[in-house]
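S.K.: Starting from these lines, generate the structure:
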Amino acid sequence: TGLDITALVANPSDCRLTFSGLGVFPTGHIDIVLPDGRVPCSSLTRQGAPSGAAHKSAAWVGAAATRQGPAISSLFLDGLSGRSALAISAPVTDHAGTVEAFAAVVVPVADLARGLAASYGGPKHFTFAVRDARGRLLSAPTTGRAGNSTPHGAMITATRAIPGLDWRLTAAESAGIALAASHAVFWRVAALGAGCLFVLLLLLFAVNRRIADPLRRLTSAVIQASQRQCIDPVEIRGPREVREMTAEFNAMVTARASYENQLAHHALHDPLTGLPNRALFLDRTELALKAADGVPATVAVFSIDLDRFKVVNSSLGYTVGDAVLLEVADRLNSICGPGDSVARCGDGFLMCQPGADAPMRASSTAARILDRLGLPFASEHGEVSLSASVGVAQGRADVTAGQLINDADIAMYAAKAAGGGQYRLIDDDLRAASSDRLSLETDLRAALREDQLHLVYQPVVNLVTGDITGAEALLRWTHPKRGLVQPMTFIPLAEQSDLIHPIGRFVLQAACAQAAEWNNNGHPLRMSVNVSGRQLLDPAFPGHVAHALDKSGLPGEQLCLELTETVLMDDAVRSEDLLQQLKALGVELSVDDFGTGYSSLAYLKRFPVDEVKIDRSFVQSLDDNQDDTLVAAMVAMGHALGLHVVAEGIETESQAAAVRTLGCRSAQGYLFSRPQASDDFTALLAQGAAGEWTQPQHYGAAPAADSGFLAASDV
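M.R.: Model (predicted):
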């Protein structure tokens, strides 16, 4: 299209000029072929009209005249060049689509690749070649544009079949050049990726510094805190939420540290006075002993206990008691010199004095403690006067702090047992007594398990008829090695330990069972059982009494519980409440050792007691015509209050006659009978008759005083 076929046919000389711009095949030519096979126009002329004889005989002309699209001829001999050639033709139509002629490009096979290269106009690095079906090279490899060089090295090739022929056209390109663009893209992409990675790393670093690192620090601190490790406050940084969490955590850590410091202080200090407790005092004493190693000076330890301090608490209240303890702490601190220390242990205090190299100095310090604590204490109820018992122990580096404190406690208990208000220095006798006491306590525990304890019974006699009206149960301990251990030896020991409760239950149950047995055998008696102060103040004690009565079947009115005046007065309000509970069980209550404690008419009227027992010390005064006014007053007061009166410790006929004359109808003592085992007491009940107790031959000699359960004056 676009060719004026009529003009070219009319003027063949214009063909060369017309096709000169299209002569891309230097050795080939372009012809115009009419539908009848004539060639009126060619790009090559030879001295006149073009020769078309070769074209007319070419088989492709007839085929081309019948096709509407491009066509490639078979190989033929070009008449102009005398070489094997191909003809590529395409129909030329008018505007109406009518085929006017065919444009044919005749190309020698040998120059086909060069022509295609020139026609393609590709880069210089492209190489073209034509091969037949067997792979033989028909056209030498030719590069684009230059047309005279063949590149070497790795190549990338592409092959296409030539339509109509069994040939292949191969285009090749240097691998390096072909991939240069890809390499450029790759490096651009790599550079972009590296830039993105760098930006990402910057972002990660910023995120790590701002969020992750603060969270990691906070997490690590939380883990350490959960493992009870000591940690410092965490640096507050990061986003607002992280800073708030860190600030809260730091506040928690600070509060926890403060709380732990408080706990540590409370673990080693007395919460009331702020003084060191026994544990810290023990540590300080150990340090003082180590410092004295190789030095002539010794360390003195003072054990200080306030006498009758419980009376202050019970009568004036714990507020006053706490104020007294605070004042005691201040007074002891005022006595301390450089290096001395004071500690509080319960209601007692300990003092350590390093460098007390002479007993005289320790004694002087103990005397100063007694003097200072002997001064009155001011309170809202007036002045409170107290005394103290002080034990002193001294030692050097060859003893331990525990041994010193233990020795000081032993000496203090000895001072308290001697009446209080004094000090004692530890010695070998006190240590031996303490060791014996500990051994005895251990044996007493075994005695309770191994049935070494048993009861004996002393009768209560009617002085008018001579009949046995009751019995007092007294505890005895037969030690496998020591033999008979007196109650005044082991009862105080049981009082100071928890043994008094199981021992008291044993005595109560055994006495009730024995009274029930005598009752069933026709000898109804009232059984008297002594009760200790610790038993009476035990809230479970009324239940123990009820259990003993139920288990034995003994009526409540046949059980009499004996209590001392001191026990009743130690905590009057609580004692009154427990006595009311006991009275509800039907039992009778007796005041033992009457006249030796705090007895008064007001207290006798206040407590629901049924009986008073006049202490043996007053009965003994009736011998040798001594004044009997006190005994007479006690008997008269008891009768006036409607109480049963019993005289204890009757050992002579004159004592029995005297108390009988004063109006006392009941008595007990060695004059009538010693404490007897249950079998012997049963035989005594069988032979006892009215008037027999007045016969001297039944009295026997008055033996030494014998102590009973819980009361040193029972005989």
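
S.K.: Flag the shaky bits of the stretch 1-150 of the chain, pLDDT-wise.
M.R.: 1-3, 16-17, 19-27, 44-76, 78-82, 113-126, 139-150 (pLDDT under 70).

S.K.: rerun at 50
M.R.: 1, 23-24, 45-62, 64-65, 144-150 (pLDDT under 50).

S.K.: Same question for the chain.
M.R.: The model of the chain has pLDDT under 50 over residues 1, 23-24, 45-62, 64-65, 144-150, 689-715.

S.K.: the helices in the stretch 51-200 of the chain, which residues?
M.R.: 53-57, 59-65, 112-120, 175-178, 180-207 (DSSP state H, counting those that start in this stretch).

S.K.: hmm, who's touching stretch 269-279?
M.R.: Here stretch 269-279 makes contact (C-beta atoms under 8 Å, 6 or more residues apart in numbering) with 267-268, 280, 284, 322, 325-326, 329, 341-345, 349-350, 405. C-betas here are computed from N, CA, C, even on glycine.

S.K.: What separates the first and last residues of that stretch, distance-wise?
M.R.: Using C-alpha to C-alpha, to the nearest Å, one end of stretch 269-279 lies 9 Å from the other.

S.K.: residues of it that come out buried?
M.R.: Applying a neighbour-count criterion of 16 or more other C-beta atoms under 10 Å, one finds His269, Asp270, Thr273, Leu275, Pro276, Asn277, Arg278 buried in stretch 269-279.

S.K.: And stretch 330-340, by the same measure?
M.R.: Residues of stretch 330-340 classed as buried by neighbour count (16+ other C-beta under 10 Å): Arg331, Leu332, Ile335, Asp340.

S.K.: what's next to it, contact-wise?
M.R.: 288, 304, 342, 349, 351-355, 365, 368-369, 372-373, 375.

S.K.: Verify the stated contact: Leu425 with Met360.
M.R.: No. Taking contacts as C-beta atoms under 8 Å, Leu425 lies outside contact range of Met360: 10.8 Å.

S.K.: Of these two, which one has the most company?
M.R.: Leu425 (20 against 9; other C-beta atoms under 10 Å).

S.K.: Apart from its neighbours in sequence, what residue is nearest the more buried one?
M.R.: Of all residues beyond its chain neighbours, the one nearest Leu425 is Val392 (4.9 Å), with distances taken as C-beta to C-beta, 6 or more residues apart in numbering.

S.K.: contacting residues for that neighbour?
M.R.: 300-303, 362-363, 366, 408, 411, 423-426.

S.K.: Go through the residues you listed and name the one nearest Val185.
M.R.: Val301 (94.1 Å; C-beta to C-beta).

S.K.: burial count for the closest one?
M.R.: Count around Val301 with other C-beta under 10 Å applied: 29.

S.K.: Check Ala133 too.
M.R.: Neighbour tally, Ala133, other C-beta under 10 Å: 10.

S.K.: from what I can see it touches Asp166, true?
M.R.: Yes. If you go by C-beta under 8 Å, Ala133 and Asp166 touch, sitting 4.2 Å apart.

S.K.: roughly how far apart are Gly28 and Ala104?
M.R.: As defined by C-beta to C-beta, to the nearest Å, Gly28 lies at a distance of 10 Å from Ala104.

S.K.: higher neighbour count, these two?
M.R.: A count of neighbours by other C-beta under 10 Å puts Gly28 above the other of Gly28 and Ala104, at 26 against 23.

S.K.: so that one makes contact with Ala110?
M.R.: No. If you go by C-beta under 8 Å, Gly28 and Ala110 don't touch, sitting 10.3 Å apart.

S.K.: and Asp398, which of the three is it?
M.R.: Recorded secondary structure, Asp398: coil (DSSP: H, G, I helix; E, B strand; the rest coil).

S.K.: likewise His523?
M.R.: His523 - assigned by three-state DSSP - is coil.

S.K.: which residues touch it?
M.R.: By C-beta under 8 Å, 6+ apart, His523 lies in contact with Thr682, Leu685.

S.K.: Now with 10 Å, please.
M.R.: His523 makes contact with Ile468, Ala471, Ala515, Glu517, Phe681, Thr682, Leu685, Ala686, Gly688, according to C-beta atoms under 10 Å, 6 or more residues apart in numbering.
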